[in-house]
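J.: no letters, just coordinates:
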């Protein structure tokens, strides 16, 4: 039976589909049938659980993956939901430790009659590629047209199984595509043509030539049709995949980047008039305010134990991510006050977002310090203190056992851990919301103290001319600091972020008073946004108590005034802790406009979080639960999984990391190259003490250089404001690797040292 017939102006020619009754002539070069082709594309299916990288906030998450007919799909794993199991004639092969999960899910599905969850995403292998990781034997990547899937198995042998399954599925896909076209090849029946020509009395050889010409022409015509058909299929598949990626990435932008990792947020924007603080509710999510309030109060009820401190020295930085949370108002006449983390101007197109996420995935900072090579010796603190009562701490020579493997220059950058608050402040200012800008600046000023919790060791005192650079592209921050004076000890820093600049110099005055140490920072920190708004403030006093007897702890106390050059200023009071204080480490303050009217209040703890309320009423807290309507501004990041004896934060652990690539770009003055600090980090204490003694003797020679007119390389004193300002040129020199003007401050001091003019 013929599928259909097409009339021809000269003869009757029909186009037949094989298998429908017509006889197809044997091709001149028949294609050999590949092994296993007869099994079809659904002969085997593979399924299992893989870890998929989602984003920085959520990290690696388990997903159920299934592979069948050249299509890889995955779905989220939910308790009580059976996984979507592929159906194949060859059965399902499970990879990894999924047999138990599979059987339980199947049993639950049969009992509860629940349908499997639909896949989150589908990947067509015919338009994708994949490769193994060269550094991790459990990771591999699948490259789609618009996205890269970063996957990880529990065992290295599981990755081998998945790669083999992907290779086999890719081969089967190409084989099946060839088979389908072979089966759909059109045969041209020339029986009616032959009968017609024979009726005309033409010679048999002439009739065969006509048939051969006709077959050749139609074969070429059909080949062109097949190519067009294949191109259209690929275009449609690619377009469909791009639409899916666009939809998923828009969801990630709207949900994952704007909401917290703990739950959904209600989002509310506020508009402030010059005379008051009006607000309006723009939009909110479906999550009830009661649930949000309960979640927030549950978190606030957790009391933190009293912690310790190390001699914190200077400035501050940004955190990788900090989620914002919301509490609902108890007054039904008022809208709940919620932090708005939404930046309209920062929503990038899909391509830029993909490039940014891929960049973040390739930036890997270390998670812990190296294991110590030697066993640390115990040193009597009292024996060191009794001989130095009343002396300046910076002039006291202490063994490395009292140090942490960071310099004071690196401590300056540690205060910038939460620089995302300055990014938010910049965006709020662009939208005309000056009040939310200064609230985020205030939270940033407080957040720099959070890393002092539990830090008992002091940082290394940098040498004259010592520098430190920090380039964190995922944070959008480039930082540089230099020790510009030895006596008095002055450290100058300069940092550039997304729409803002931060600089300052600091002199830390410190003294022993027997049972305590008092640290008084001297210097002004300046923050300038690209639109011209400037904020300045100074740090408060820090005191470490119970050095001899009792539990060692620290307290930051005093008043911090954040002065702005435009509409708002802020005053923060760091509460001094008493012996019977049940709620220590509190910070309380308010925002006032140029008329002196209080427009917002702040309350929190310098080691935990900061809240604000758009009211002139002072926030109060009973225990840890705020009794007034408030919203979260900042929350401290979680501590590292593998804490060290120095109690470094996850961010601080990365500050002294030195890779071979970075070492080639650094100047000889960088703190990462300081030998005693590096020996201490590696746990080589004897070498560290010897190098520390050598470098301190060298430092005495550096003091003579300063007295003879030594000048810093990258900073100059501003005679008008009496502060050191960055003169530029460092990052340009780094790009060209030109460090001829930099002294080898960590090497042996030459006898004929020349004074740098």
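T.: Cool, got the structure. Keep in mind it's a predicted model, so treat the numbers as computed, not measured.
J.: every contact and neighbour count from this point should use C-alpha atoms.
T.: Fine.
J.: give me the nearest residue to residue 122, chain neighbours excluded.
T.: Distance criterion CA to CA, 6 or more residues apart in numbering; nearest residue to residue 122, sequence neighbours excluded, is residue 73 at 4.3 Å.
J.: and that neighbour, how many neighbours?
T.: Here the count is done by other CA atoms under 10 Å, and residue 73 has 21 residues near it.
J.: so what pairs up with it in the strands?
T.: Beta-bridge partners of residue 73, counted by DSSP bridges, are residue 66, residue 122.
J.: torsion angles phi and psi at residue 698?
T.: phi -70, psi -30 (degrees, to the nearest 10).
J.: for residue 719, that is, sorry about that
T.: The phi/psi pair for residue 719 (degrees, to the nearest 10) is phi -60, psi -30.
J.: use 56 as the first number from now on
T.: Okay, residue one is now 56; in that scheme the one you just asked about reads as residue 774.
J.: near it, how many other residues are there?
T.: Neighbours of residue 774 under the rule other CA under 10 Å: 8.
J.: ok, now the one 5 residues further on?
T.: Taking other CA under 10 Å as the neighbour definition, residue 779 ends up with a count of 23.
J.: look up which helix or strand it falls in, please.
T.: strand 778-781 (DSSP states H and E).
J.: quick check: the residue nearest to residue 177 touching residue 180?
T.: No - using CA atoms under 8 Å, residue 128 makes no contact with residue 180, being 10.4 Å away.
J.: for stretch 457-465, what is the average pLDDT?
T.: For stretch 457-465, mean pLDDT is 93.
J.: roughly how far does residue 779 sit from residue 718?
T.: Separation of residue 779 from residue 718 (CA to CA, to the nearest Å) stands at 27 Å.
J.: I meant to write residue 493 there.
T.: With distances taken as CA to CA, residue 493 is found 38 Å from residue 718.
J.: number of residues surrounding the residue nearest to residue 544 when sequence neighbours are not counted?
T.: Excluding the flanking residues, the one nearest residue 544 by CA to CA, 6+ apart is residue 562, at 5.7 Å. Residue 562: 19 surrounding residues under other CA under 10 Å.
J.: just residue 735 next, same as before
T.: For residue 735, using other CA under 10 Å, the count is 23.
J.: now residue 802
T.: For residue 802, the neighbour count with other CA under 10 Å is 13.
J.: can you list the low-confidence ranges for the protein?
T.: 56-99, 134-146, 152-173, 227-244, 288-418, 433-452, 671-683, 757-758, 760-761, 803-812 (pLDDT under 70).
J.: kindly report the domain assignment for it.
T.: Here the domain assignment for the chain is 59-73+242-309, 97-237, based on automatic domain parsing.
J.: if we can go back for a sec, so which other helices or strands are in contact with the strand or helix carrying the residue nearest to residue 544?
T.: In this assignment (DSSP H and E), residue 562 forms part of strand 555-567. On a contact count with 3 or more CA pairs under 8 Å, 6 or more residues apart in numbering; DSSP states H and E, strand 555-567 meets helix 475-485, strand 545-551, strand 572-577, strand 580-584, strand 778-781.
J.: adjacent strands (with direction) for the fourth one?
T.: Looking back up the chat, that one is strand 580-584. Strand 580-584 has the following sheet partners, assigned by DSSP bridges: strand 555-567 (antiparallel), strand 589-592 (antiparallel).
J.: residue 794: which of these is closest?
T.: With CA to CA, the closest approach to residue 794 among the strands paired with strand 580-584 belongs to strand 555-567: 23.4 Å.
J.: follow-up on the earlier one: from residue 530, how far off is the residue nearest to residue 544?
T.: With CA to CA as the criterion, residue 562 and residue 530 are 27 Å apart.
J.: which residues are contacting stretch 513-523?
T.: 365-367, 449, 457-466, 535-541, 724-727, 732, 750, 754, 757-758, 767-768, 800 (CA atoms under 8 Å, 6 or more residues apart in numbering).
J.: hmm, 6 Å instead?
T.: Stretch 513-523 is contacted by residues 365-366, 458-459, 461-463, 535-538, 541, 724-726 when judged by CA atoms under 6 Å, 6 or more residues apart in numbering.
J.: contacting residues around the strand holding residue 562?
T.: Strand 555-567 is contacted by residues 444-448, 544-550, 572-585 when judged by CA under 6 Å, 6+ apart.
J.: same thing with stretch 721-734?
T.: 460, 521, 522, 523, 711, 743, 746, 747, 794, 799.
J.: how about JSON lines for those residues, with distance to residue 110 added?
T.: As requested, these are exported to JSON lines (distance: CA to CA, whole Å):
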{"residue": "460", "distance to residue 110": "30"}
{"residue": "521", "distance to residue 110": "36"}
{"residue": "522", "distance to residue 110": "33"}
{"residue": "523", "distance to residue 110": "29"}
{"residue": "711", "distance to residue 110": "25"}
{"residue": "743", "distance to residue 110": "39"}
{"residue": "746", "distance to residue 110": "42"}
{"residue": "747", "distance to residue 110": "42"}
{"residue": "794", "distance to residue 110": "38"}
{"residue": "799", "distance to residue 110": "42"}
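J.: same list, these, but as a markdown table with secondary structure, distance to residue 104 and neighbour count please.
T.: A markdown table is the format used below for those (DSSP: H, G, I helix; E, B strand; the rest coil; distance: CA to CA, whole Å; neighbours: other CA atoms under 10 Å):
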| residue | secondary structure | distance to residue 104 | neighbour count |
| --- | --- | --- | --- |
| 460 | strand | 40 | 26 |
| 521 | coil | 50 | 28 |
| 522 | strand | 47 | 27 |
| 523 | strand | 44 | 26 |
| 711 | coil | 37 | 21 |
| 743 | helix | 47 | 22 |
| 746 | helix | 51 | 19 |
| 747 | helix | 52 | 22 |
| 794 | coil | 51 | 15 |
| 799 | coil | 53 | 15 |
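J.: stretch 194-205: end-to-end distance?
T.: Taking CA to CA, the first and last residues of stretch 194-205 lie 7 Å apart.
J.: re earlier: for residue 529, see how far away the residue nearest to residue 544 is.
T.: Distance from residue 562 to residue 529, by CA to CA: 30 Å.
J.: with residue 129 instead?
T.: 28 Å.
J.: what about the two, which has more around it?
T.: residue 129 (23 against 13).
J.: returning to that earlier point: just the contacts of stretch 513-523: which are in strands?
T.: Of the contacts of stretch 513-523, the ones assigned to strands by DSSP state E are 458, 459, 461, 462, 535, 536, 537, 538.
J.: determine the number of other residues adjacent to residue 729.
T.: By other CA under 10 Å, 22 other residues sit near residue 729.
J.: how about stretch 630-637: buried residues?
T.: For stretch 630-637, burial by neighbour count (16 or more other CA atoms under 10 Å) applies to 630, 631, 632.
J.: just to revisit the earlier point, out of residue 493 and residue 718, which sits in the busier spot?
T.: Between residue 493 and residue 718, counting by other CA under 10 Å, residue 493 is the more crowded of the two (25 against 14).
J.: one step back: need the ones in strands among the contacts of stretch 513-523 in JSON lines with neighbour count and distance to residue 511, can you?
T.: Formatted as JSON lines, the ones in strands among the contacts of stretch 513-523 follow (neighbours: other CA atoms under 10 Å; distance: CA to CA, whole Å):
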{"residue": "458", "neighbour count": "20", "distance to residue 511": "9"}
{"residue": "459", "neighbour count": "22", "distance to residue 511": "9"}
{"residue": "461", "neighbour count": "25", "distance to residue 511": "13"}
{"residue": "462", "neighbour count": "25", "distance to residue 511": "14"}
{"residue": "535", "neighbour count": "23", "distance to residue 511": "26"}
{"residue": "536", "neighbour count": "28", "distance to residue 511": "24"}
{"residue": "537", "neighbour count": "29", "distance to residue 511": "24"}
{"residue": "538", "neighbour count": "26", "distance to residue 511": "23"}
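J.: list just the nearest of the residues you listed to residue 219.
T.: Among these, and counting by CA to CA, the member closest to residue 219 is residue 461, at 46.5 Å.
J.: relative to residue 727, how far out is the closest residue in space to that closest one that isn't next to it in sequence?
T.: Nearest residue to residue 461 in three dimensions, chain neighbours excluded: residue 514, at 5.3 Å (CA to CA, 6+ apart). According to CA to CA, residue 514 stands 13 Å off from residue 727.
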